[in-house]
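In: this one's structure only:
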């Protein structure tokens, strides 16, 4: 509400009483909520009409009893918004947010996620699995009970019970018993879900990567934690700081706990070797390879060494974290790394042997591995990271307080979750992809990874230098065409001395993109804001249309075919990427890490500060002696060359592309990714690209394929409405926007705060 | 601070979820019971996949095709004597080579998939043909017409349409009988460029003057200028290489400028979408098509009627081809079942050996997976007051007036 | 010569459409200094909305008398404008106002508009259809030649587009310059805080600006549908071009948008079809976008704030 409206409403114009005003506001809100419900009804409605009958989908969506459900949703939203002020005080209570997050996670796992990989059962979703599991004989009765009897209500009932218990514990502040009971039950239910699913899975005997039960377990455990937090806090402490306090109390402990859980599951419950129709745990693997000529060391590893190494690392890391002992920390880190390398060696050893002897249809080294080995690798990485953190941890004077006791000093010391989070991210980046399904691996290397790289590049231009570039994909195109040219896959052949492998094309792509960036930038960078946007947009279109039309040079609309996969031959290093998708992931990871490290330095360099200066106020920046044109050109060129590298990778990984890969829409999407993630923040841009490229693939199974873009549009819109600074805002912007939850700012300006654009 | 902790929590939750995914693989060592999955039981269900654009700018073509596949599967499932059930797996690749690998991965990792209809576009096919080949899934392609695809060494490649190099020259030879100057307009799609190139080359070889023009189908909304150019060029004939919806726009614009020359196009335009969209502006257009005459064969008529009844819209470009492709896979599964085992490789063998009488013609695959050269007759069609009439074999048809 | 004039007519037709859409961009830019990226979907909604109304009144094959045609035209333009205005208002309330309240950074507006654009275009696809060749009922002979002198022809539909666009632009120009609403829009564009102090309700003025721009785009949607076709993705390319036209004329400047739109239409049609290109065979219509954007870049490099400069206020 602008100050102006406040003025008039206070003044003569409004003769209406305050009560009438309130009623009108209420009516408006109600209308808004019903409108929302109506739009939602259309969005989840019937698919399209036809040429002859435009009203078909509309009638089906609106004139049917189902509209009642949406009306109810509208009313619920209205009530929630109206009574929000009364709910707010409860929200700050300890345990509320984890409870909500946990309950939501469980609901999601029931409705959306796969509970089995079998596509026969309604895409393997819980809703399909439940009746089947409930009716089929021969499954463990405990598991069957979970999936429910005739009415299939059990899982929902379980959720309701624990939520009610924990909520009651929150409501009646003194009741720690309720909290413990609810929390304990939640954890039991979570394990039950996991057990029930694994019973059904072993019954179906289907190779499996399903996520449902795991997510349900996570949700239930979160509820459990919330119950325990409630019980411990007696209605006083803020749950947001709970993890923080645990972390400050014993840095490294959360990591050790995580490593322990993952490692134990990996060692005792997951498969280590799983060719087509076999899921062998580590014990069985050891027996299987007995007497097959497996080297003594590997055999020993599978038989006992794995356990010894894991537990030794776990105990050392745990002790180091608990005692905050630097030397022990180093030892734990070292042992963790050594065990990790040993584990990788052994995995390579036995999978290679299996392929050599065509064991159970095994296909090659590194193939046919179950999730167990990779999980153990992840756990070891996390433990080593914990040890390293302890070793490097400075003895901050934090009172040796137990969790639950409020320690403002610890909170004031700032968030130290960062390094721990980094360790977890590194571990999952390295060892999660091998455990994913082939589909997700492909998505990771063909879409998510590439767009993350592009977003990092564009973040320099848009986020740091504040130049709106709507033609960014052009440089990506230039990188791709450079690769196609240098590998001899265009109608125009390169001179023979220039014919290269794709990776060797990278320097050329960088140089050409730098030059293109400068050529585009030099005449246009004196344009400001939206003028620059349209010029860059035009540039992007020009590049695409020229590529599409110059058939003798670029092969026109048919694009380039058969670009060879990347390979490296330097000294002893001899790698050739082929059909294995995972190999590309690690290549991409190398690119991303290099770029992130470089750009992280850049952000805090002299140049980075100059960018910030021109972004905020170009004139002032010029006045302080910054050569704005040069600095802007550098931003353009650096962003462009990153994009070029992405282009090289794209061309050689997919092996073929057409000019349609470089349409305007893609440029716009990259800008959306950067802003969605958090403009000017490196982790933000990466997260934005990852989330928004992941989402359409995730939605594949959830909504009709044709509607995916609609849902993505809605997600982007909602994100900007409720969190305009993005997913992970840059520090500076977070400070600027201050309280994001703050309601109406009292600004009168229509024009939003300038970004130097 | 508050928002920060929420983010951290979210991050932890996500990472946790990802990690827990790993719990998936059990250690049950292959000792579990084989169950018939509890869902109905009885006959076995096989899946036929379709890969093509179902969203994005090219979605219409993919929807045309997937409808054809869906119809074929529905009709097969209605047939009680089949002995198995069929399911459709839709893999949306947005027509984009970059998104094709992920779409193909959804197909490949579903072990019930016995054959794939698609990918719709040549670029996407190029990106994933090898992957399907390695997985042993038979590709029966209804629309990727690039003339180089059959030589890429895809192990399971089959294509039910003649490629660009087969259809275009026949049309050019026919045009060259009566005209000396032709304007060839491409829609700048890979298909359009391929056909336009083949037509132009053949026309030039026959000593006809060729003017090459293009109107990018994705960017052109207003066909007025290109129509005016056609008229001003003084060409006696026009060949449009593109798809039906834009063809109809173009036809209307040509009528608006009173272009009176011979107007011709290929398989991409020959559809009810064109005749309906263009109305009387489409009257007199010729089409060359390597497909059977839809007005005389009763199966084709039945197909059109069933399609209209199910989807409430007329079959469009490549719907019949996709229908045929799906039926080929179905018949191959039948054959494989008759011989004993239904596996990806046995189905692929059956597809390679198939002799199928479809609505677009008799289909047998050559050793490279394409229709053998010269096997299909290219027919000439004409739009007469909104219905497409066959004028018979194009090599014997009378020259254009 | 007559060929050239025919191309000019084609260019003016296209230009009129660009100008009508560009006005929406420029009006919103004037008051908010933001590119309303979802404006192209307002244009699309206008086409669908007017189709539903027109199709309910008339049916294919009906050729009513001349007064009937005029009635349908007015109805179509009116319903297109009404739907366009409604969608534009909705956009302002949903995608812009909440962000203004939060003081969001400028790019957040751009992205929320892009999100809204995806959403609207796909929702229309889901609700109606995703074909790209929907036609309006043929309620009059679009190809009837109004003018046919020495080979120069102007068809009925071209005449309707050019005339109604000119009328609407004249109307808008008068309104912005002469009426109270117009002056409040100009005041907000000039200096929003001061305007607020003078007693102008900024929120209302912004909403009205969106409504006016939306009505023009919606009407353009009807004209476009009548002349060519309509589909759920029809908005994107004309939207981008109209945005370019607005920038060409000087974004924020109403007369600039009109000039820019007309000029861009003429450039797009005339340059790639110039007779001498045919001789070389190098340049054809497929180069339209390259030529148009190159000219745009050239003009902007020479005149960095467009042909007529930026200020909405300066249009007066």
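Out: Done, it's in. Because the structure is a prediction, the values reported are computed rather than measured.
In: Tell me the secondary structure at residue B:356.
Out: Under DSSP: H, G, I helix; E, B strand; the rest coil, residue B:356 falls in the strand class.
In: so how far is residue A:257 from it?
Out: Distance, residue B:356 to residue A:257, by Cβ to Cβ, to the nearest Å: 62 Å. No exception for glycine: its C-beta is placed from N, CA and C like everyone else's.
In: Compare the two (neighbour count), which wins?
Out: Set side by side, residue B:356 and residue A:257 show more neighbours around residue B:356, with 18 against 15, by other Cβ atoms under 10 Å in any protein chain shown.
In: Residue B:350 versus that one, what's the distance?
Out: 11 Å.
In: okay, and the common contacts of those two?
Out: Contact criterion Cβ atoms under 8 Å, 6 or more residues apart in numbering or on different chains; residues shared by residue B:356 and residue B:350: residue B:331.
In: Those residues of the stretch 601-750 of chain A touching chain B, which are they?
Out: A:650, A:654-658, A:660-661, A:663, A:697, A:700, A:705-709, A:727-729, A:734, A:740-741 (Cβ under 8 Å from any Cβ of the partner chain).
In: Let me know how buried the closest residue to residue A:508 other than its chain neighbours is, in neighbour terms.
Out: With Cβ to Cβ, 6 or more residues apart in numbering or on different chains as the criterion, residue A:508 has its nearest non-adjacent residue at 5.6 Å, and that residue is residue A:482. Each residue near residue A:482 was counted by other Cβ under 10 Å, and the total is 25.
In: host element of residue A:482?
Out: helix A:473-486 (DSSP states H and E).
In: Show me the contact partners of the helix or strand just after that helix.
Out: Sequence-wise, the next helix or strand downstream of helix A:473-486 (DSSP H and E) is helix A:505-524. Outside helix A:505-524, the residues within contact range by Cβ under 8 Å, 6+ apart are A:474-475, A:478-479, A:482-483, A:486-487, A:500, A:532, A:535-536, A:539, A:632-633, A:636-637, A:639-641, A:643-645, A:647-648, C:297, C:300-301.
In: next structured bit after helix A:505-524?
Out: Heading C-terminal from helix A:505-524 (DSSP H and E), you reach helix A:529-549.
In: For residue B:399, give me its contacts.
Out: Contacts of residue B:399 (Cβ under 8 Å, 6+ apart): B:174, B:177-178.
In: Now the buried members of these.
Out: Among the contacts of residue B:399, those classed as buried by 16 or more other Cβ atoms under 10 Å in any protein chain shown are residue B:174.
In: how near is residue B:327 to residue A:347?
Out: Per Cβ to Cβ, residue B:327 is found 46 Å from residue A:347.
In: so where's the stretch 251-400 of chain B uncertain?
Out: Across the stretch 251-400 of chain B, the ranges flagged by pLDDT under 70 are B:292-297, B:374-376.
In: pLDDT at the closest residue in space to residue C:260 that isn't next to it in sequence, what is it?
Out: Once flanking residues are discounted, residue C:260 sits nearest to residue C:249: 2.8 Å by Cβ to Cβ, 6+ apart. Model confidence at residue C:249, given as pLDDT, is 91.
In: before we move on, what about residue A:704?
Out: Looking at residue A:704, the pLDDT reads 84.
In: Also residue C:275?
Out: pLDDT, residue C:275: 66.
In: What residues does the stretch 451-600 of chain A have near chain B?
Out: So the stretch 451-600 of chain A meets chain B at A:545, A:548-549, A:551, A:556-559, A:561-562, A:579, A:581 (Cβ under 8 Å from any Cβ).
In: Keep only those of the residues you listed that are also close to chain C.
Out: Applying Cβ under 8 Å from any Cβ to these, those adjacent to chain C are A:545, A:548-549.
In: Now tabulate the residues you listed in a markdown table and tack on pLDDT and neighbour count.
Out: Putting those into a markdown table (pLDDT from 0 to 100; neighbours: other Cβ atoms under 10 Å in any protein chain shown) gives the following:
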| residue | pLDDT | neighbour count |
| --- | --- | --- |
| A:545 | 92 | 21 |
| A:548 | 91 | 28 |
| A:549 | 89 | 23 |
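In: Out of these, which is nearest to residue B:388?
Out: Nearest to residue B:388, judged by Cβ to Cβ, of these is residue A:548 at 30.8 Å.
In: got the contact list for the closest one?
Out: A:554, A:556-557, A:659, B:188, B:216, C:286.
In: Just flag the most distant two among the residues you listed.
Out: Counting by Cβ to Cβ, the most remote pair of the contacts of residue A:548 is A:554 and B:216, 14.8 Å apart.
In: From residue C:14, how far off is the nearest residue to residue C:40 once chain neighbours are set aside?
Out: In space, and not counting its chain neighbours, residue C:40 is closest to residue C:239: 2.5 Å by Cβ to Cβ, 6+ apart. The gap separating residue C:239 from residue C:14 is 14 Å, by Cβ to Cβ.
In: Equivalent analysis for residue B:391, please.
Out: Distance of residue B:391 to residue C:14, given as Cβ to Cβ: 37 Å.
In: likewise residue B:237?
Out: In this view, residue B:237 and residue C:14 are 27 Å apart by Cβ to Cβ.
In: Could you do residue A:616 as well?
Out: 41 Å.
In: of the two, who's got more company?
Out: Set residue A:616 next to residue C:14 and count neighbours by other Cβ under 10 Å: residue C:14 wins out with 28 against 14.
In: out of everything not next to it in sequence, what's closest to the more buried one?
Out: Using Cβ to Cβ, 6+ apart, the closest residue to residue C:14 is residue C:265 (3.8 Å).
In: Show me what the host helix or strand of the one you found is packed up against.
Out: If you go by DSSP H and E, residue C:265 is part of helix C:254-270. Helices and strands touching helix C:254-270, by 3 or more Cβ pairs under 8 Å, 6 or more residues apart in numbering or on different chains; DSSP states H and E, are helix B:224-233, helix C:2-32, helix C:156-178, helix C:236-249, helix C:288-302.
In: Pick the most buried one from these.
Out: Mean neighbours per residue, mean count of other Cβ atoms under 10 Å in any protein chain shown, is largest over those for helix C:236-249, with a mean of 28.
In: Run the angle between that one and helix A:529-549 for me.
Out: Angle of helix C:236-249 versus helix A:529-549, following axes from the mean of the first three to the mean of the last three Cα atoms, to 10 degrees, is 130 degrees.
In: so what does helix C:236-249 touch, helix or strand wise?
Out: helix A:529-549, helix C:2-32, helix C:39-57, helix C:254-270, helix C:288-302.
In: how about these in JSON lines, adding distance to residue B:52?
Out: Shown next, in JSON lines, are the helices and strands packed on helix C:236-249 (distance: least, Cβ to Cβ, whole Å):
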{"stretch": "helix A:529-549", "distance to residue B:52": "21"}
{"stretch": "helix C:2-32", "distance to residue B:52": "33"}
{"stretch": "helix C:39-57", "distance to residue B:52": "25"}
{"stretch": "helix C:254-270", "distance to residue B:52": "32"}
{"stretch": "helix C:288-302", "distance to residue B:52": "27"}
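In: Can you show me the strands along chain B?
Out: Under the criterion DSSP state E, strands of chain B are mapped to B:45-52, B:85-92, B:113-117, B:138-141, B:157-159, B:181-186, B:209-214, B:237-241, B:262-265, B:286-289, B:355-358, B:361-364, B:379-384, B:387-393.
In: about what we covered before: of all the helices and strands packed on helix C:254-270, which one comes closest to residue A:379?
Out: Smallest distance to residue A:379 across these (Cβ to Cβ): 48.7 Å, for helix C:236-249.
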